[in-house]
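Undergrad: please work out how this folds:
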Amino acid sequence: MKAVVIGILPQERIRERMLAIAKGEYKPKPGEPKIWFTSMRSLAEVLSDENRALIRIIQEAKPQSIASLAELTGRKPGNLSRTLKTMSNYGFVEMRRESRSVRPIAKVTEFRIVA
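TA: Next up, the predicted model:
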């Protein structure tokens, strides 16, 4: 799996950059971050050691549901679901609905951080 590039900038600078891109004044170069955080603290909350281990478990075990992932990890399904939703919002995990359950799929297992 290819490493995802994560950038860290203050909210105001992220907004300025996005507006410049939308106006056509700036074109992102290949290799520039596609995912942005406003601080190392917010990045650390999402990509904690525990959450990175969770992504690895999803990648290796390929659980068929959140319930089966909860059994594998020993975490409560409610907390696990909330964590997965957050990671899904950043594109680290995909939550695929299949019949009566939701299957987590790891999209990224390697990270490169640009501050």
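
Undergrad: enumerate every residue touching the residue most central in space within the chain.
TA: The chain has residue 92 as the residue nearest its centroid, 2.9 Å off, counting by CA atoms, centre = their mean. Contact analysis of residue 92 by CB atoms under 8 Å, 6 or more residues apart in numbering lists 4, 46-47, 55, 106-108. From N, CA and C alone the C-beta is placed, and that goes for glycine too.

Undergrad: which one of those residues is nearest to residue 83?
TA: Residue 83 has its nearest neighbour among the contacts of residue 92 in residue 46, at 8.9 Å by CB to CB.

Undergrad: from memory that closest one sits against residue 87, does it?
TA: Yes. Residue 46 lies in contact with residue 87 (CB atoms under 8 Å); the separation is 6.6 Å.

Undergrad: the two - which one has more neighbours?
TA: residue 87 (24 against 17; other CB atoms under 10 Å).

Undergrad: contacting residues around the more buried one?
TA: Neighbour list for residue 87: 46, 51, 54-55, 93 [criterion: CB under 8 Å, 6+ apart].

Undergrad: show me where pLDDT drops low in the chain?
TA: Within the chain, the segments meeting pLDDT under 70 span 1.

Undergrad: what residue in this protein is the furthest from its centre?
TA: Most peripheral residue of the chain (CA atoms, centre = their mean): residue 25, 27.9 Å.

Undergrad: for that residue, which three-state class applies?
TA: Here residue 25 is recorded as coil under DSSP: H, G, I helix; E, B strand; the rest coil.

Undergrad: gap between it and residue 18?
TA: Separation of residue 25 from residue 18 (CB to CB, to the nearest Å) stands at 11 Å.

Undergrad: so where do the helices sit in this protein?
TA: Here the chain has its helices, by DSSP state H, at 11-23, 40-46, 49-61, 66-73, 77-89.

Undergrad: make TSV out of those and add distance to residue 112.
TA: Output for the helices of the chain, formatted as TSV (distance: least, CB to CB, whole Å):
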stretch	distance to residue 112
helix 11-23	18
helix 40-46	12
helix 49-61	14
helix 66-73	26
helix 77-89	17
